[in-house]
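> need coordinates for the below:
(chains A and B)
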There are 2 protein chains.
Amino acid sequence: MGRASKREEIAEAAFRQFHAKGFNATGVNEITKAAGVPKGSFYNHFSSKEESALEALSRYGRSLRFDMLTSQDRPPLERLRAHFEFLSEDLLENGFVRGCLVGNLGAEVADHSEEIRTAAKRGFDGWATRLRELLTEAQEEGDLDDSIDVGTTALFILSAWEGTLIAARIDKSAAPVEAFFRTVFGGILR
Amino acid sequence: MGRASKREEIAEAAFRQFHAKGFNATGVNEITKAAGVPKGSFYNHFSSKEESALEALSRYGRSLRFDMLTSQDRPPLERLRAHFEFLSEDLLENGFVRGCLVGNLGAEVADHSEEIRTAAKRGFDGWATRLRELLTEAQEEGDLDDSIDVGTTALFILSAWEGTLIAARIDKSAAPVEAFFRTVFGGILR
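Residues are numbered from 1 along each chain as shown, chains lettered A, B, ... in the order given. So this is what the prediction gives:
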């Protein structure tokens, strides 16, 4: 398999460690140990822990199933709900841990690493754009009131989701997730 | 002044370091250095870094001016808005850094320190209770629709605020804060 495979193993281990423990609590040692490779091999593939965190953000972004937002199989607001239900599964099925890697790295290191902040911003911006397009589609189909500002609402829902994940991890309960679904789908987008 | 004053200096320095850099990026060394005291003196006052983080959470809680929510000088929803405007000042005036210590420590260490998680949960629970009581008061005064579930809405607004702070730190802009005010006060609580 050679180097490509070893890089993949390190990148996947780094992603899992950052997601479970955060940036500063994760050492290169733990990443290589989790990947089952010699410590020195990390630097054959990544110039720094920070670079592996950027890769972890890309990897996490690809796991978010944004295709669920754009596929035309269901009305837009149903797709939106299914998207957040999908995103809540990891939390609800695994004891309310981990949350969103973008929000976590944002909260922990956005003030200290311009590279990680920029990558997190790119992730959020892309996500907010997809949400805005979906809300526009819902307005065009008559499923959402025209008076709603879709840009503002998309940004707010994304922020609210990030805070919901943190609140659920602090509460170790589904109550914040239930409050999110009730307020967003039963209130804001009713 | 003696020991009480030195404990105060260490506690204040710990609070500032945890707020600026997070839990794992802050070492006892940096706390004592920032406080201008010998490293060894930390352990005369705190049994662990974790214990000083619990003290920092209390200290942060006292800075949140919950009295603004309960004072009877203005209608409840105006007090709620003033509360969040007050909370956004640090962010807006200092380059979109730091955010909320409760949410930050929650995001970083709620999965790994049961003591910090419990303290963060106590902070959130107290805050959500105050918000719920204020919303109930608004309903009693006829300023808020009776169909709104105040418990769910209080919890949701708190989660949304936490996510808003993280999004603003990632975006280094006021856009998420503006989206919060427009959606909460112009939509959810309209």
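> name the nearest residue to A:Gly103, ignoring sequence neighbours.
Counting by Cβ to Cβ, 6 or more residues apart in numbering or on different chains, the nearest residue to A:Gly103 once its immediate chain neighbours are dropped is A:Glu162, at 4.0 Å. To be clear about C-beta, it is placed using only N, CA and C from the backbone, and glycine gets the same treatment.
> the residue most central in space within chain A: what's it in contact with?
For chain A, the residue lying nearest the average C-alpha position, counting by Cα atoms, centre = their mean, turns out to be A:Cys100 (4.3 Å). Taking Cβ atoms under 8 Å, 6 or more residues apart in numbering or on different chains as the contact definition, A:Cys100 lies against A:Tyr60, A:Leu87, A:Trp161, A:Glu162, A:Leu165.
> over to A:Trp127?
The neighbours of A:Trp127, taking Cβ under 8 Å, 6+ apart as the test, are A:Leu64, A:Phe66, A:Leu158.
> the nearest residue to the first one once chain neighbours are set aside: how many residues sit nearby?
Of all residues beyond its chain neighbours, the one nearest A:Leu64 is A:Leu87 (6.9 Å), with distances taken as Cβ to Cβ, 6+ apart. By other Cβ atoms under 10 Å in any protein chain shown, the residues close to A:Leu87 number 19.
> quick check: which element contains A:Leu87?
With elements taken from DSSP states H and E, the one containing A:Leu87 is helix A:76-93.
> picking that back up, so can I have JSON lines of the contacts of A:Trp127 showing pLDDT, neighbour count and distance to A:Val37?
Below are those laid out as JSON lines (pLDDT from 0 to 100; neighbours: other Cβ atoms under 10 Å in any protein chain shown; distance: Cβ to Cβ, whole Å):
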{"residue": "A:Leu64", "pLDDT": "93", "neighbour count": "19", "distance to A:Val37": "27"}
{"residue": "A:Phe66", "pLDDT": "93", "neighbour count": "15", "distance to A:Val37": "31"}
{"residue": "A:Leu158", "pLDDT": "98", "neighbour count": "25", "distance to A:Val37": "36"}
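> now, these that are in strands?
With strands defined by DSSP state E, no entry of the contacts of A:Trp127 lies inside them.
> wait, which of those residues is closest to B:Gln17?
A:Leu158 (29.6 Å; Cβ to Cβ).
> now that closest one: how far from B:Thr183?
For A:Leu158, the distance to B:Thr183 (Cβ to Cβ, to the nearest Å) stands at 11 Å.
> with A:Gly142 instead?
From A:Gly142 to B:Thr183 the distance is 21 Å (Cβ to Cβ).
> the two: which is more packed in?
Between A:Gly142 and B:Thr183, counting by other Cβ under 10 Å, B:Thr183 is the more crowded of the two (25 against 8).
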